[in-house]
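Peer 1: my questions concern the predicted model and sequence given below.
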Number of protein chains: 2
Amino acid sequence: MITKIKEIQERLQRADIRPSVQRMAVMEFLLENRIHPTIDMIYNGLSAKIPTLSKTTVYNTVKTLSDSGVIQTICIDDKNLRYDADIALHAHFKCNICDCVIDLPVSKVQVEMQNSENVHITETHLYYKGFCEKCRTNNK
Amino acid sequence: MITKIKEIQERLQRADIRPSVQRMAVMEFLLENRIHPTIDMIYNGLSAKIPTLSKTTVYNTVKTLSDSGVIQTICIDDKNLRYDADIALHAHFKCNICDCVIDLPVSKVQVEMQNSENVHITETHLYYKGFCEKCRTNNK
DNA sequence: TTTTATTTTTGTAATCATTACAAATATGTA
DNA sequence: TACATATTTGTAATGATTACAAAAATAAAA
C-alpha cells in the first residue's frame, strides 16, 4: 500500500487541515492499516514512532479528519468506534466472536426507499454482522 | 398500535423468555413507542408504571430480548444504543442535529457483493445519517 | 401447603471509552 | 524578533454499560 508522504499531505491540505506530524502519522496509519482500527489500536501503533503522542491527540485528530470527510467513522461495534481511510461506498462486516471488522466490497447497492420522512441524507452505512472465516473454522 | 398483552406474552414465550412484569413492560413500551428509544428513554417511560424498576433491569431485559432476536439493537448513534421491536428489514435514519432515529421503509434492498472474505452473515443493518425534516426547516 | 431450588430483579460499585479543560508547545505572521 | 493562533498534551470529569451479590419472586419438589 506504501502511500507517499506527499500524497497524504496534499489530502489533508485539500480539506484545510494543517499537516502536523501527528495528523500525518494518524492518516498514514489508517492508510497502511486497513483494519478499521480503534483509537487504542492507532495509539499503540504510533507510540513507538511518536513516543510523546497523547491519546487525546488521537481522539482530536480522528474527529478533525472525520468531520472534514477525509476519513469515516464506523459505528458497528458497541464497544469502540472504528476509523476508515476509505471513504468510498463499501460494506463493513464485524465478527461477533473476534470483533474484527473487514471490508465487503460491493459493486452495486440498490435500495428502493419510500422517503416518506423527507430527510436529507448525507451518509450511508451498510453493516453486516456474523462470523468470520477464521472463527467459523476454529469453532468446528 | 395498542398491542394486546396476550400477544406480547406469546411473543416472549415463543423465544423461551419468561414473561415477567418487567419484560412485558419493556416489550410493550417498544411496541407502542416506535422511536428507537435509548435505555434511559425506556426507563423513564416505565418508572411511573413500575416505580421499583431498576435501570439494570432495563439493560438486562433488552439484552435478553436482543440476544433471542425478539428485538434488535441499533448502533447508529455513538452516544447510546437504541432498541427496536421491529425486526423486519428496514433502514434507519439518524438526524445529526436532534439525534432522533426514524424508520425508512425500504421495499427492496439489492446489494451486489463479492463475498471474497467467506464470512457467515447473521445480521444486516442499513443506516443513514443527515438532517430530519424538522431540523431542516428550523435552520432556515 | 411447606420446603427447596432456580430465576429474576435490584442497588451499588466498578469499568472503560470519550470528552472537557487548561497549560505547554509549536507554528505562522507581522 | 515578538506576537497571535493553532495544536498537542496530561489530567480530571463524564456518562454509558457491566459486574456482582443480596433480595425478591417464581417454579418445582416433597
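Peer 2: Cool, the structure landed. Numbering: from 1, shown residues only, chains lettered A, B, ... in the order given.

Peer 1: are we agreed that A:Val58 is in a helix?
Peer 2: Yes: with DSSP: H, G, I helix; E, B strand; the rest coil as the criterion, A:Val58 is part of a helix.

Peer 1: any part of stretch A:78-87 near DNA strand D?
Peer 2: Yes: contact between stretch A:78-87 and DNA strand D, assessed by C-beta under 7 Å from any atom of the strand, occurs at A:Asp78. For the C-beta atoms, the positions are set from N, CA and C on the backbone; glycine is no exception.

Peer 1: mind listing what's buried along that stretch?
Peer 2: Residues of stretch A:78-87 classed as buried: A:80-85 (neighbour count, 16 or more other C-beta atoms under 10 Å in any protein chain shown).

Peer 1: so for it, mean pLDDT?
Peer 2: Taken as a whole, stretch A:78-87 has a mean pLDDT of 97.

Peer 1: out of the buried residues of stretch A:78-87, who's near DNA strand C?
Peer 2: A:80-81.

Peer 1: what's the closest of the buried residues of stretch A:78-87 to A:Leu126?
Peer 2: Nearest to A:Leu126 among these is A:Asp84, at 12.7 Å by C-beta to C-beta.

Peer 1: any weak-confidence spans in chain A?
Peer 2: Scanning chain A for pLDDT under 70 picks out A:1-3, A:115, A:140.

Peer 1: report the residue ranges of every domain in it.
Peer 2: Domain ranges of chain A: A:5-83, A:88-138, per automatic domain parsing.

Peer 1: next one: phi and psi at the nearest residue to A:Leu126 once chain neighbours are set aside?
Peer 2: Once flanking residues are discounted, A:Leu126 sits nearest to A:Ala91: 4.2 Å by C-beta to C-beta, 6 or more residues apart in numbering or on different chains. Dihedral pair for A:Ala91: phi -90, psi 160, per degrees, to the nearest 10.

Peer 1: hmm, who's touching stretch A:63-79?
Peer 2: A:11-12, A:15-17, A:23, A:26-27, A:30, A:36, A:62, A:81-87, A:92, A:94, A:99, A:101, A:123, A:125, A:127, A:129, B:73, B:75-78, B:81, B:125, B:127 (C-beta atoms under 8 Å, 6 or more residues apart in numbering or on different chains).

Peer 1: just the buried ones from those?
Peer 2: Buried among those (16+ other C-beta under 10 Å): A:11-12, A:17, A:23, A:26-27, A:30, A:36, A:62, A:81-85, A:92, A:94, A:101, A:125, A:127, A:129, B:73, B:75-77, B:81, B:125, B:127.

Peer 1: how about the residues of chain A by DNA strand D?
Peer 2: A:17-18, A:20-23, A:50, A:52-57, A:60-61, A:78.

Peer 1: returning to that earlier point: from what I can see the residue nearest to A:Leu126 touches A:Val106, true?
Peer 2: Yes: look at A:Ala91 against A:Val106 with C-beta atoms under 8 Å: they come within range, at 5.2 Å.
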